[in-house]
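Undergrad: what would the 3D arrangement of this be:
(one chain, ligands or ions: 1)
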Amino acid sequence: MPNHALTKLFRPEVLAMSAYHVADARNLIKLDAMENPYTWPEDIQQRWLESLKACPINRYPDPTGSALCEQLRRANAIPDHAALLLGNGSDEIIQILLMALSTDATVLAPEPGFVMYRQIARSLGLNYVGVPLATDFALDLSAMLAAIADTLPAAIFIAYPNNPTGNLFDAQAIKTIIAAAPGLVVVDEAYSPFADASFVGELGNYPNLLVMRTVSKLGLAGLRLGYLAGPAEIVAELDKVRLPYNINSLTQATVGFALEHGDFLAQQTQAIRAERTAMAKALKAWPTLTVYPSSANFILFRTPAGTADQLFAGLKARGILIKNLSGQGGVLSDCLRVTIGKPEENQSFLNALAAALAELP
Ligand code: PMP
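TA: Here you go, the predicted model:
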């Protein structure tokens, strides 16, 4: 029997939340979560397993991941003056940053955007303000500046490219926002392997700019490693909130190994980019779909009004799992998002979509 006196121990905002839902992908082609579909070449995998023998798992991990930080710094051309913070996925970095803010802080992000900004802010009892994007999913700069002036956010998150829309916002608009912001601005570059633009080169030009990246979309989602680069005095405060040993030894060693032998990951990224072009072309061949431009490893498309749920179910019945965003309503109504998979997976998706579209009334 539920003990209602005990649930009253929790904050109302926690009681009002739903846990993050992950769809069951068993027996389905998984094109829902922006993962890299490729595994490692056999010889590299053998060398990696061999290298792990030298990983002392009886000891706690390196608390700051210093060796890994240096490798990440080199691989991402992060300037020496910027400090680095590692997180158990970039999700944890968002949580660390928001936990360090004062309890009456406001967090602001354009919407639709990455749901964890809102979810974590709410779970911590912070104020959250979502500023609608323009109808073409561009930043609405005047709305952003008005909301900044109005709410004085302690932190602004801007995903670049954006999830779930896939586009890169105008860089000049982001710079205007960084200059106008009274607090921190995190440019979240989770999809940087698939984009040709970055704010890493802007580090040091603004005292309030932080750039966040992850190895998840590169092909290492199971390892859970995100990283944040920014001014040393800010990162030092965030580091006080980070749990000791948040990056386990196997993750530190494996990401380090992958960065040293990274050619195959770069090749996989190239293959995904080429498939993205092919997928966009194939989707655009259907005149009833609106296909949005993507600089990420997924494509957002709008289906004929009122058909997204049926198409999503039709795809699932044919063994394909993508993401149905239509339930979020607003500008995402009728929208589906497909992650780029291997060529044969993408073809299966396109065949299933053709069949599901043919079933529409
Ligand atoms: N930022 C954005 C924009 C994302 O889309 C995601 C994952 N969907 C993340 C951050 C989180 O990535 P991770 O925790 O795997 O590093």
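
Undergrad: so who does residue 309 touch?
TA: Going by C-beta atoms under 8 Å, 6 or more residues apart in numbering, residue 309 touches 324, 326, 327. From N, CA and C alone the C-beta is placed, and that goes for glycine too.

Undergrad: not counting its neighbours along the chain, what's nearest the most centrally placed residue in the chain?
TA: By C-alpha atoms, centre = their mean, the chain has its centre lying nearest to residue 190, at 4.7 Å. Closest residue to residue 190 apart from its sequence neighbours, by C-beta to C-beta, 6 or more residues apart in numbering: residue 214 at 5.0 Å.

Undergrad: where does the stretch 51-200 of the chain get nearest to the ligand, residue-wise?
TA: Residue of the stretch 51-200 of the chain nearest the ligand, by C-beta to the nearest ligand atom: residue 89 (2.9 Å).

Undergrad: contacts only, for the residue nearest to the centre of the chain.
TA: 90, 114, 159, 163, 212, 213, 214, 216, 217, 226 are the contacts of residue 190 under C-beta under 8 Å, 6+ apart.

Undergrad: which among the contacts of residue 309 count as buried?
TA: 324, 326 (16 or more other C-beta atoms under 10 Å).

Undergrad: okay, who's weakest in the contacts of residue 309 by pLDDT?
TA: Within the contacts of residue 309, residue 327 has the lowest pLDDT, namely 85.

Undergrad: so what's it up against?
TA: residue 309.

Undergrad: if we can go back for a sec, spatially nearest residue to the residue of the stretch 51-200 of the chain closest to the ligand (excluding sequence neighbours)?
TA: For residue 89, the spatially nearest residue (C-beta to C-beta, 6+ apart) is residue 224, at 4.4 Å.

Undergrad: who are the neighbours in contact with that neighbour?
TA: 88, 89, 92, 216, 251.

Undergrad: same thing but 10 Å
TA: 87-92, 214-216, 246-248, 251, 255 (C-beta atoms under 10 Å, 6 or more residues apart in numbering).

Undergrad: before we move on, what about residue 278?
TA: 340, 343, 346, 347, 350 are the contacts of residue 278 under C-beta under 10 Å, 6+ apart.

Undergrad: how many other residues sit next to the closest residue to the ligand within the stretch 251-361 of the chain?
TA: Closest to the ligand within the stretch 251-361 of the chain is residue 296: 8.1 Å, counting by C-beta to the nearest ligand atom. Residues within reach of residue 296, counting by other C-beta atoms under 10 Å, total 29.

Undergrad: okay, now the unreliable bits of the chain?
TA: 1-3 (pLDDT under 70).

Undergrad: how about the helices in it?
TA: 4-7, 12-15, 42-52, 66-76, 90-100, 115-123, 141-151, 171-180, 232-241, 249-260, 263-284, 308-317, 343-358 (DSSP state H).

Undergrad: what's the closest of those helices to residue 60?
TA: Of all these, it is helix 249-260 that lies closest to residue 60, at 8.0 Å by C-beta to C-beta.

Undergrad: flag every buried residue along that closest one.
TA: In helix 249-260, counting by 16+ other C-beta under 10 Å, buried: 249, 251, 252, 253, 254, 255, 256, 257, 258, 259.

Undergrad: okay if I get these as CSV plus distance to the ligand?
TA: Putting these into CSV (distance: C-beta to the nearest ligand atom, whole Å) gives the following:
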residue, distance to the ligand
249, 19
251, 12
252, 15
253, 18
254, 15
255, 12
256, 17
257, 18
258, 15
259, 16
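
Undergrad: max pairwise distance over the residues you listed: which two?
TA: Of all the pairs that the buried residues of helix 249-260 form, the one spanning the most space (C-beta to C-beta) is 249 and 259, at 15.9 Å.

Undergrad: residues near residue 236, how many?
TA: Residue 236 has 11 neighbours, counted by other C-beta under 10 Å.

Undergrad: residue contacts, it?
TA: Contacts of residue 236 by C-beta under 10 Å, 6+ apart are 83, 85.

Undergrad: how close does it get to residue 282?
TA: According to C-beta to C-beta, to the nearest Å, residue 236 and residue 282 sit 49 Å apart.

Undergrad: and for residue 56?
TA: Residue 56 is 49 Å from residue 282, by C-beta to C-beta.

Undergrad: those two: who's more crowded?
TA: residue 282 (17 against 9).

Undergrad: how far away is that one from residue 246?
TA: 41 Å.

Undergrad: so residue 138 touches residue 169, yeah?
TA: Yes. Residue 138 is within contact range of residue 169, at 6.6 Å (criterion: C-beta atoms under 10 Å).
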